[in-house]
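# this one's sequence-less:
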């Protein structure tokens, strides 16, 4: 009986900790760099990002099968572009506001759109 109770307590604690996470919040930039993966299924791994106004740095990774680029739609400015299996960095000056980031490689834009909130 004690082992069953210990196992039950461990499972309950694990479930409680898992429930504490909030997947609705945009990820915070690690070391001030926003990491983004262009996936082979023509989607971004993250559809919402947040950054501070000023120079916003990106790390763009392409999965193994498809090339992608990262464009700030409202400014029509390409920040980074990568070949399959490559990781690149780029930066752009942004004021406070909400921006749309897209991949403009032909055929990608319809499914590769995300929101960047700059505070």
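That came through, no problem. Since we're looking at a predicted model, the values are computed, not measured. Numbering: from 1, shown residues only.

# Helices of this protein, residue ranges please.
With DSSP state H, the ranges of helices along the chain come out as 2-20.

# okay, and for it, where does confidence drop off?
For the chain, the stretches with pLDDT under 70 are 1-30.

# At the geometric centre of it, which residue sits there?
residue 46 (3.2 Å; C-alpha atoms, centre = their mean).

# residues near residue 32, how many?
The number of residues packed near residue 32 is 12, by other C-beta atoms under 10 Å. Placement of C-beta: from N, CA and C, glycine included.

# I'd like the distance between the residue nearest to it when sequence neighbours are not counted and residue 41.
Computed as C-beta to C-beta, 6 or more residues apart in numbering, the closest residue to residue 32 that is not its neighbour in sequence is residue 57, at 6.1 Å. According to C-beta to C-beta, to the nearest Å, residue 57 and residue 41 sit 26 Å apart.

# the more surrounded of the two?
A count of neighbours by other C-beta under 10 Å puts residue 57 above the other of residue 57 and residue 41, at 17 against 10.

# check contacts around that one.
29, 32, 33, 34, 89, 90, 91 (C-beta atoms under 8 Å, 6 or more residues apart in numbering).

# Nearest to residue 115 among those?
Closest to residue 115 out of these is residue 34 (12.2 Å), distances taken as C-beta to C-beta.

# Any idea what that closest one is bridged to?
residue 58 (DSSP bridges).

# now the strands for the chain?
Chain-ordered strands for the chain, with DSSP state E as the definition, fall at 33-38, 48-51, 54-62, 68-72, 77-82, 87-94, 97-102, 113-118.
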